[in-house]
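Trainee: Show me the folded form of this:
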Amino acid sequence: MRPKTTSRNKTYRKKNTETTEIVRVRLPKEAERELLAVVDQRLGGSRLRVRCFDGLTRIARIPGKYKRRLWIREGDTVIIIPWEFGGDEKADLIFKYTPNQVGFLKRKGMLSILEDGEEF
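Mentor: Down below sits the predicted model:
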């Protein structure tokens, strides 16, 4: 029998998570009725409850092309598009901000609507 090795994968190295690159941020386009929102709750079945920056709470749907590619958690900042009919209640999710992008938006004052105690 071969002896067990003490370290499983010797070639494993941590990825460098801190980058000093320029942060490019996608902003919501008002002409296309896009809104900033924060995820309150995951409801299952690719549906989320989001709190929008216009003061309404909507049920957002993750479209099929983003289902496997876009992993959403509570507290994430996202861009949504309200539906043409039932727009005060339902919306489609189209973009998720990374933590670096959220920090940039906070520094620029785009997320100043949020309460001070809230963190992403």
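
Trainee: So, low pLDDT: which residues of the protein?
Mentor: 1-23, 112-120 (pLDDT under 70).

Trainee: for the residue nearest in space to the middle of it, what are its contacts?
Mentor: Per C-alpha atoms, centre = their mean, the C-alpha nearest to the average position across the chain is that of Lys96, at 3.3 Å. By C-beta atoms under 8 Å, 6 or more residues apart in numbering, the residues touching Lys96 are 70, 72, 76-79. Bear in mind the C-beta positions are built from the backbone N, C-alpha and C, glycine included.

Trainee: At which residues are the helices of this structure located?
Mentor: Ranges of helices in the chain, per DSSP state H, are 99-108.

Trainee: Can you tell me how far Arg26 is from Glu84?
Mentor: Distance, Arg26 to Glu84, by C-beta to C-beta, to the nearest Å: 22 Å.

Trainee: Compare the two and say which one has the larger neighbour count.
Mentor: Higher neighbour count among Arg26 and Glu84: Arg26, with 11 against 7, using other C-beta atoms under 10 Å.

Trainee: can I assume the more buried one is in contact with Ile79?
Mentor: Yes: the criterion here is C-beta atoms under 8 Å, and Arg26 meets it with Ile79 at 7.1 Å.

Trainee: shared neighbours, these two?
Mentor: Contacts common to Arg26 and Ile79, judged by C-beta under 8 Å, 6+ apart, are Phe95.
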